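Engineer: what would the 3D arrangement of this be:
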Amino acid sequence: MLDLSNLNEIKIDLNEETAWVQAGATLGELYYAIAKRSKVHVFPGGVYFTVGTGGLISGGGLGALTSKFGLAADNVVDARVMDVNGNILDREMNEDLFWAVRGGGGASFGVILAWKLKLVRVPEKVTIFSIHRKLNSSRDLLQKWENISHQLPENLFIRLLIQNGGVERQVELFFQSQYLGPVDELIPLLRQYFPEFNLERNDCFQENTTAGAVKRCYEVSWIQSAFYFYFRKITSPLEVLLDKTIPTQKHYYKGTSDFVKTPIPESGWEMIERTFLEEAGPRMILEPLGGKMNEISESETPFPHRKGNLYNIQYTVGWSDNSESISSQKMAWLRKLYKEMEPYVAKSPRTAYLNYRDLDFGTNQEDYSYSKAKMWGEKYFNGNFERLRSLLILLSSSAIQVRSLTLFLASNCQFCAIHISFSMVEVVDQDASAPRTIYIHPSDSVDASLVLVPFDGVGYL
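Structural biologist: This is a model prediction of the structure:
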């Protein structure tokens, strides 16, 4: 394991609207560096300030700006990556590697040293609000959110938190929103899409408690909205972004994830409410997709969860007593909920978000076959898994490939040149009328070493 925390230099270029960020910098450090230079430039990253940029971007990077600008990984202009041989590569030197590290789990392909990121523009004033409801009395509102949240104007992001808490142990809904613009622009949109929120302009300048609903609304800067989503006071100083401690008491938790392609029916929400009431401390975070995500193809980066996905679900359960009995109870509860959600989420495969890794799906083991690894690999990468695997074989065995090809060609081809990409190794015989090509066909038996088997001028892996 490499500690990159001191590799945290950040260089902002507002003229070019880019930033070079070393991979050990946290998201909070990046937000801080940008906020010190500009009130209207941001990076579309995630919510949690303590997360490292190296991991966030290499797993995709969902956040409140995703429907407007795409993933964090979609806003990478270039990268510096050290390969297994100690070479430092960039986008120009290896486009296939550049593709893989933007959502494919960067640590598998080398050591990510730095990212060149595209900065985006936001208004000086944005509006945030939270609407509180009880699930048992707000089913219609919940299902309306499911049906339209991914189709809202790209400036309007509304996510949903579901949890139980308090003495009453009721399942609660929190609609949390960020609108890229002032209150006076937001209110007409809410009257059009969510009149049920009953949000008025005056609510955005004072806390308003009414029977059955709590409304909190503020007109703030974008960086203050980031504080809000990270459960910090919106009046916090910028230096809070540099704090690498988590703003909660020490606790333990387990999480997992799903993507949803069709609205959950009434029976599904009844199951969720019933299951939530069985345990203390559960939470579901539902974040809509749509917008920019629909414009980017599944194969543009390794992150495949694009058009056709309504929203992502993160399931968590937390506890403070780490006794074996409590830990087992909490994890068993989450596994039960995950199993019961199966009819209502994406299928064939049932997909998941790489940055919410769940070890229940599987881990790299020496005795794991390709077919077993494929079962969990396709959850995260779907159809991009094969391309990632082919590239990984090439990168991990590149030196052996060149030696093997050299030995093979020495006795078979006097004037051959070798061209290697993720999809094939092409051998061009400059004396022949047509090039000779060696295609890569990965199989279960392949490990990090390469075996070339000549067969009618074609060698198969």
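Engineer: after the helix or strand where Glu172 lies, next one along is what?
Structural biologist: For Glu172, the host element (DSSP states H and E) is strand 170-179. Remark: after strand 170-179, the chain's next helix or strand is helix 183-193, criterion DSSP H and E.
Engineer: tell me the mean pLDDT for that following helix?
Structural biologist: The average pLDDT for helix 183-193 rounds to 97.
Engineer: centre of the chain to that helix, how far?
Structural biologist: In terms of Cα atoms, centre = their mean, to the nearest Å, the centre of helix 183-193 is set 29 Å apart from its chain centre.
Engineer: likewise for stretch 100-115?
Structural biologist: Centroid separation for stretch 100-115 versus its chain: 14 Å, with Cα atoms, centre = their mean.
Engineer: what lies in contact with that stretch?
Structural biologist: 2, 4, 7, 20-23, 53-55, 57-60, 71, 73-74, 76, 78-84, 88-89, 97, 301-303, 354, 380-381, 384, 388, 391-392, 395 (Cβ atoms under 8 Å, 6 or more residues apart in numbering). In short, each C-beta sits where N, CA and C put it, glycine included.
Engineer: hmm, 7 Å instead?
Structural biologist: With contact meaning Cβ atoms under 7 Å, 6 or more residues apart in numbering, stretch 100-115 is reached by 2, 7, 20-23, 53-54, 57-60, 73, 76, 79-84, 88, 97, 301-303, 354, 381, 388, 391-392, 395.
Engineer: and it, which residues are buried?
Structural biologist: 100-106, 108-115 (16 or more other Cβ atoms under 10 Å).
Engineer: that older thread, next, the angle from the strand holding Glu172 to helix 183-193.
Structural biologist: Angle, strand 170-179 to helix 183-193, by axes from the mean of the first three to the mean of the last three Cα atoms, to 10 degrees: 130 degrees.
Engineer: what does strand 170-179 contact?
Structural biologist: Contacts for strand 170-179 (Cβ under 7 Å, 6+ apart): 64, 126-135, 138, 142, 145, 155-165, 186, 225, 273, 276-277.
Engineer: cool, stretch 199-207 as well?
Structural biologist: With Cβ under 7 Å, 6+ apart as the criterion, stretch 199-207 contacts Thr127, Phe129, Val183, Asp184, Ile187, Leu190, Lys215, Arg216, Cys217, Tyr218, Glu219.
Engineer: those: which two are farthest apart?
Structural biologist: Asp184 and Arg216 (18.1 Å; Cβ to Cβ).
Engineer: longest helix of this structure?
Structural biologist: helix 324-340 (DSSP state H).
Engineer: how distant is it from the center of its chain?
Structural biologist: 24 Å.
Engineer: can you pull the buried residues of it?
Structural biologist: Lys330, Met331, Trp333, Leu334, Arg335, Leu337, Tyr338.
Engineer: the residues you listed into JSON lines, with extra columns for distance to Gly268?
Structural biologist: Output for those, formatted as JSON lines (distance: Cβ to Cβ, whole Å):
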{"residue": "Lys330", "distance to Gly268": "22"}
{"residue": "Met331", "distance to Gly268": "22"}
{"residue": "Trp333", "distance to Gly268": "18"}
{"residue": "Leu334", "distance to Gly268": "17"}
{"residue": "Arg335", "distance to Gly268": "18"}
{"residue": "Leu337", "distance to Gly268": "12"}
{"residue": "Tyr338", "distance to Gly268": "13"}
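Engineer: how about low-confidence regions in the stretch 201-350 of the chain?
Structural biologist: Residues of the stretch 201-350 of the chain meeting the criterion pLDDT under 70: 206-215, 246-250.
Engineer: ok, which stretches of it are strands?
Structural biologist: 208-210, 213-220, 252-260, 282-288, 311-319 (DSSP state E, counting those that start in this stretch).
Engineer: show the model's pLDDT score for Ile420.
Structural biologist: pLDDT at Ile420 comes out at 47.
Engineer: tell me how many other residues crowd the nearest residue to Asp184 once chain neighbours are set aside.
Structural biologist: In space, and not counting its chain neighbours, Asp184 is closest to Arg201: 7.0 Å by Cβ to Cβ, 6 or more residues apart in numbering. For Arg201, the count of nearby residues is 12 (other Cβ atoms under 10 Å).
Engineer: how close does the residue nearest to Leu156 when sequence neighbours are not counted get to Tyr230?
Structural biologist: Nearest residue to Leu156, sequence neighbours excluded (Cβ to Cβ, 6+ apart): Tyr179, at 5.2 Å. Noted for Tyr179: a distance of 18 Å to Tyr230, by Cβ to Cβ, to the nearest Å.
Engineer: what do you get for Leu334?
Structural biologist: Counting by Cβ to Cβ, the gap from Leu334 to Tyr230 is 23 Å.
Engineer: picking up where we left off before, comparing Asp184 and Arg216, which residue is more hemmed in?
Structural biologist: Using other Cβ under 10 Å as the criterion, Asp184 and Arg216 rank with Arg216 on top: 18 against 12.
Engineer: how many neighbouring residues does the closest residue to that one other than its chain neighbours have?
Structural biologist: Spatial nearest neighbour of Arg216, excluding adjacent residues (Cβ to Cβ, 6+ apart): Ser130 at 4.7 Å. Counted by other Cβ under 10 Å, the residues lying close to Ser130 total 15.
Engineer: what's the answer for Leu119, then?
Structural biologist: Using other Cβ under 10 Å, Leu119 has 21 neighbouring residues.
Engineer: surely it and His41 touch.
Structural biologist: Yes: Leu119 lies in contact with His41 (Cβ atoms under 7 Å); the separation is 4.5 Å.
Engineer: mind listing the helices for this structure?
Structural biologist: 27-37, 53-58, 66-69, 95-101, 139-148, 183-193, 222-229, 266-276, 292-295, 324-340, 370-381, 385-396, 398-410.
Engineer: pull up the gap between the residue nearest to Val81 when sequence neighbours are not counted and Val21, please.
Structural biologist: Nearest residue to Val81 in three dimensions, chain neighbours excluded: Gly110, at 4.3 Å (Cβ to Cβ, 6+ apart). For Gly110, the distance to Val21 equals 17 Å [Cβ to Cβ].
Engineer: do the same with Ile112
Structural biologist: 10 Å.
Engineer: kind regards, and thank you for your time.
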